[in-house]
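K.L.:
this is the structure alone, sequence omitted:
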C-alpha cells in the first residue's frame with residue numbers, strides 16, 4: 001500500500017547503496033510493504049543497514065540463482081528505507097520498507113556478498129498536459145471497475161489510489177497491484193516518461209478487464225449447468241416416485257443401485273469398510289449416468305460386491321486322500337510329497353484352532369488371570385492358517401502341476417499367475433482409482449475369480465521379477481506373503497483392508513539367487529531336483545505317453561514303446577533335468593505317426609512300416625478319400641530305438657558323448673544351475689612363453705578368484721611335493737578354460753576340480769576314469785562344503801560316473817538322495833586336497 005508520510009521524498013539519498021536481489025517481482029516507488037529476506041548474505045546487508053541510515057536498493061534478478069552477483073541484476077531498481085525489522089526463527093528476516101525513488105546502477109563497488117553499487121537517481125519526465133490528466137482519470141475510473149468486481153482489492157487500496165496526487169505514482173501503484181508478468185513490470189519501472197508509463201498501464205488494465213469478463217461468462221455458464229442438473233435431478237426423482245407408485249420398472253441405474261445395496265448389506269460390514277461403502281453407494285445414487293465418474297464408481301462397487309467377504313467354508317480333507325492324489329499325479333519326489341503332507345497336517349490343525357477330531361474346543365490353558373487366559377485363547381485362534389511354500393527346481397520338473405495337486409488335495413479353487421518380467425508394483429497392489437483404466441492387483445483379481453477367501457494361489461517365476469521407475473514388485477509382495485501383515489492387506493484400487501491370510505500361497509522359481517532375502521525369509525523352501533533316466537521312464541509310462549497320445553488323436557493300444565526306446569529318448573534327446581523336452585519329443589513322434597495313419601487310410605501316402613501289426617483296409621469306393629474311423633484305429637505301431645531315430649533324427653547326445661578326463665590337464669566337475677545339475681569339464685594347457693595365467697570360458701568373479709586359489713595351491717604342491725622346477729613356470733604360460741564359452745559360469749564349488757586339472761597338466765598324468773568331483777578349495781588346502789549335492793549327483797549319474805569326490809561336511813546331505821540315484825556310485829568324502837589327489841592322481 002502507499003504511504004507518503006513515513007519517509008520524506010526530498011531527503012538526501014546516498015550515491016552508494018547496498019543492493020538486495022529480489023527473486024519475485026520488482027517493487028515500485030511510493031509503496032509501503034513487507035519483504036521476506038532469506039538469503040544469509042542479504043540478511044547481513046539488512047542488519048548492517050539498519051544500524052546505519054537504513055537505506056537499501058531493491059533490484060530484481062534477471063535469472064534466479066542462490067548466490068547472485070551484480071551481473072545477475074537488472075540495471076534499474078528502487079531505493080527504500082527500512083522502517084521495521086522482525087527476526088524469524090529460521091534465521092531470516094521480515095522487514096517493512098517504504099520505497100522512495102528509482103535509481104540506475106552506474107558502477108559495481110562490490111560484485112557479491114554483499115552487492116554494493118554506485119547509483120544515480122532517476123526523475124520522472126513529467127508532461128503537465130490535458131492528455132496526462134485525462135489518462136489519470138481513465139486509470140482511476142478503469143481500476144474502480146476492476147476493484148468492484150474483484151474481492152481481492154480491499155477498500156484501503158481503493159482509498160490509497162484516489163488519494164495519490166501524482167500521475168506517475170498512480171501508474172506505479174496500479175502496476176504494482178495488477179497481475180502482470182514480472183518482466184513487464186520491470187519494463188514499466190524503467191519507463192521514465194510518465195505519459196508512456198500511464199498508457200502502458202492502461203493497456204494492462206484493459207487486459208485485466210477482458211479476463212474478468214471471460215471469467216464472469218464462464219461462471220455464469222457453470223451456474224446455469226448446475227441449475228439445470230439440479231432441476232433434472234429433482235424431475236427424475238419425481239418421475240421415479242411416480243413409476244414406483246404405478247408399479248412400473250425404474251431406470252437401469254436404480255436397478256443397479258438396488259442390486260449393489262442388497263449385495264453389500266448382506267456382508268454386514270463394520271467400521272472403516274462400512275463407512276467407505278456407504279459413502280460410495282450414496283455418491284453412486286446421486287450421479288448422472290452419463291458422467292465419466294459414474295462408470296468408475298460403478299466398477300468400484302462391482303469389485304467390492306464380487307469379493308468373497310464372508311468366512312470360508314470349513315475344510316474337509318484327510319491326509320490319506322491327499323497322499324493318494326499326490327501319488328496319482330506325480331512319480332517320485334518322495335521328499336517333496338512328504339513335506340507337502342506335513343504342511344497339510346499343520347494346516348488342518350491350525351484351521352481347526354486346536355480342536356480335536358470330534359470338533360470339541362480344547363480346554364483353555366491354565367492361567368492365574370482368567371482375562372489373560374481368554375486373551376491367549378483369542379490370539380491362538382487369530383493365527384493365520386495360510387501358508388507360503390516356495391517350490392524351487394529346474395524347468396520341467398513339475399512345480400506348477402504340484403501346485404494344482406495341492407489344490408485338488410485340499411478341494412480348493414486354484415488360481416495361477418506369473419510375475420516373470422513384471423516391473424510394475426501396481427500389478428500386485430493395484431492402480432489408484434485416480435488413474436484412467438485403473439484395475440485392482442492380481443491378488444484381488446484372483447479372489448474375485450475364485451470367489452472364496454481361502455483358495456490356492458500359485459505365483460510363478462518369482463525369481464524373474466524386475467524393478468523400474470514404476471516400483472519394485474518384489475517389495476510389494478513382502479506384504480502379500482507376510483502372515484503377520486496380510487490379514488489387513490490394502491490394495492491401492494480397493495483401498496480397504498482385506499484379509500488374505502487364509503490363502504495358501506505357492507510360489508515357484510528356478511533359482512533362489514535372484515530372490516530378495518527379505519522375501520525369501522517369508523517362505524518355506526521345497527527343492528524339486530531333476531530326474532534321472534529311470535525316473536523319466538516311469539514318468540513317461542504313467543503320465544507323458546497317455547497325455548501325448550490323447551493330444552495327437554491316438555489310442556493307447558495303437559502305439560507301443562519298448563523300454564530301450566524310452567530310455568534312448570531320455571538319454572539321447574532329452575538329457576535335461578526336467579521332462580518337458582521328453583514330452584515334446586513324444587509329441588513329435590506321435591504327430592508323424594498320425595500323419596502316416598491318415599495317409600495310409602486315404603490310400604495316398606506311404607505304406608505302413610514293416611513293424612506294423614495291421615494294414616488299413618482298402619476304401620469301399622476304390623481308394624478315394626472316404627474312410628471310416630475303424631480304418632484309422634486299425635493301424636498299430638511298435639516304436640523301438642530304430643523308429644525313434646527315424647522320427648527324431650540322430651541323437652543330440654550320442655551314447656559316447658560322455659564328459660571324461662581322457663588326457664592330462666582335464667578333470668570333470670559338477671555344477672548346480674537354475675536348469676538343474678550339470679557336469680563341468682575343466683581344461684588346462686601349458687604354452688611355452690612368458691610366465692602367466694589366462695582364464696577363459698565366461699567365468700564370474702567368484703569363479704575367477706577360485707581359479708586363482710587353485711593355481712596357487714597347484715603351483716605350491718607341484719614345486720614342493722612333485723619337484724617341478726621353478727623354471728617350468730617361468731617358461732610356460734598356463735591357460736585354464738571351461739568349454740561352452742557362451743554360457744555364464746560362477747561359484748566356488750569348482751575349486752578342487754580346477755586345481756586337479758592344473759596338477760594333472762603339471763605331472764602329465766590322466767585323472768582317474770569315471771571320477772567327478774565338487775568342492776570349494778581354500779588357500780591352505782581345505783575342501784569346503786557346497787550346495788545342490790542331490791542335483792549334482794543326478795547329473796553325475798546321467799554322465800555315468802562311478803566315483804564322486806565330495807566335501808566331508810556334505811555327507812549329511814547323502815541321506816536326502818534316494819537310494820536308486822546313489823546306486824552304482826561310490827562317494828568319497830574328503831577334508832583336504834591331499835585326499836583328492838590320492839583319488840584323482842594316485843602315485
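P.N.:
In hand now; what should we look at? Note that this is a predicted model, so its numbers are computed, not measured.

K.L.:
mind listing what residue 35 touches?
P.N.:
Contacts of residue 35 were listed using CB atoms under 8 Å, 6 or more residues apart in numbering, and they are 27, 58, 94-97. For every residue, glycine as well, the C-beta is placed using N, CA and C.

K.L.:
those residues in strands, which ones?
P.N.:
In strands, defined here by DSSP state E, the members of the contacts of residue 35 are 58, 94-97.

K.L.:
and after the lowest-mean-pLDDT helix or strand in the chain, which helix or strand comes next?
P.N.:
Lowest by mean pLDDT, DSSP states H and E among the helices and strands of the chain is helix 370-381, with a mean of 39. Once helix 370-381 ends, the next helix or strand along the chain (criterion: DSSP states H and E) is strand 387-392.

K.L.:
and that next one, what other elements does it pack with?
P.N.:
helix 334-351, helix 399-410, strand 504-509, strand 524-527 (3 or more CB pairs under 8 Å, 6 or more residues apart in numbering; DSSP states H and E).

K.L.:
can you say which of those is packed in most?
P.N.:
Across the helices and strands packed on strand 387-392, averaging neighbours per residue (mean count of other CB atoms under 10 Å) puts strand 504-509 on top, at a mean of 24.

K.L.:
highest neighbour count among the contacts of residue 35?
P.N.:
residue 97 (27 neighbours; other CB atoms under 10 Å).

K.L.:
tell me the buried residues in stretch 749-767?
P.N.:
The neighbour-count check on stretch 749-767 (16 or more other CB atoms under 10 Å) flags 749-763, 765-767 as buried.

K.L.:
how far off centre is it?
P.N.:
44 Å (CA atoms, centre = their mean, to the nearest Å).

K.L.:
for residue 424, which three-state class applies?
P.N.:
Here residue 424 is recorded as coil under DSSP: H, G, I helix; E, B strand; the rest coil.

K.L.:
residue contacts, it?
P.N.:
Listed by CB under 8 Å, 6+ apart, the contact set of residue 424 reads 468, 470-471, 473.

K.L.:
what packs against the helix or strand containing residue 213?
P.N.:
For residue 213, the element it lies in under DSSP H and E is helix 194-246. In terms of contacts (3+ CB pairs under 8 Å, 6+ apart), helix 194-246 is packed against helix 130-149, helix 167-177, helix 182-190.

K.L.:
how about the helix or strand just after it: buried residues?
P.N.:
Where DSSP H and E defines the elements, the next helix or strand beyond helix 194-246 is helix 252-266. For helix 252-266, a neighbour-count test (16+ other CB under 10 Å) marks 253, 256-257, 260-261, 264 as buried.

K.L.:
in helices, which of the contacts of residue 424 fall?
P.N.:
Residues of those located in helices (DSSP state H): residue 473.

K.L.:
just the contacts of residue 424 now: which is nearest residue 199?
P.N.:
Nearest to residue 199 out of the contacts of residue 424 is residue 470 (CB to CB; 54.8 Å).

K.L.:
mind listing what that closest one touches?
P.N.:
By CB under 8 Å, 6+ apart, the contact list for residue 470 reads 423-426.

K.L.:
between those residues, which is closest to residue 294?
P.N.:
Nearest member of the contacts of residue 470 to residue 294, counting by CB to CB, is residue 426, at 23.6 Å.

K.L.:
residues in contact with that closest one?
P.N.:
Applying CB under 8 Å, 6+ apart to residue 426 gives the contacts 441, 470-471, 492.

K.L.:
I'd assumed residue 43 was in contact with residue 88.
P.N.:
No - with contact defined as CB atoms under 8 Å, residue 88 does not count as touching residue 43 (9.6 Å).

K.L.:
orientation of the helix or strand hosting residue 34 relative to helix 167-177 in degrees?
P.N.:
Using DSSP H and E, residue 34 sits within strand 32-37. Strand 32-37 and helix 167-177 meet at an angle of 40 degrees, taking axes from the mean of the first three to the mean of the last three CA atoms, to 10 degrees as the criterion.

K.L.:
returning to what we had before: out of the contacts of residue 426, who's nearest residue 217?
P.N.:
Nearest to residue 217, judged by CB to CB, of those is residue 492 at 40.0 Å.

K.L.:
against residue 405, how distant is the closest one?
P.N.:
The gap separating residue 492 from residue 405 is 33 Å, by CB to CB, to the nearest Å.

K.L.:
I'd like the distance from stretch 35-44 to the chain centre, please.
P.N.:
The answer for stretch 35-44 is 46 Å, by CA atoms, centre = their mean.

K.L.:
what mean pLDDT does the helix or strand hosting residue 570 have?
P.N.:
Here residue 570, judged by DSSP H and E, is contained in helix 563-572. For helix 563-572, mean pLDDT is 89.

K.L.:
tell me which residues in that helix are buried?
P.N.:
If you call a residue buried by 16+ other CB under 10 Å, then helix 563-572 has these buried ones: 565-572.

K.L.:
stretch 784-800 now?
P.N.:
784-786, 788-799.

K.L.:
with stretch 61-72 instead?
P.N.:
61, 68, 70, 72.

K.L.:
which pair of the buried residues of stretch 784-800 spans the longest distance?
P.N.:
784 and 798 (25.5 Å).

K.L.:
okay, the closest residue to residue 276 other than its chain neighbours: pLDDT?
P.N.:
Spatial nearest neighbour of residue 276, excluding adjacent residues (CB to CB, 6 or more residues apart in numbering): residue 496 at 6.0 Å. Here the pLDDT value assigned to residue 496 is 91.

K.L.:
okay, residue 514: pLDDT?
P.N.:
Listed pLDDT for residue 514 reads 85.
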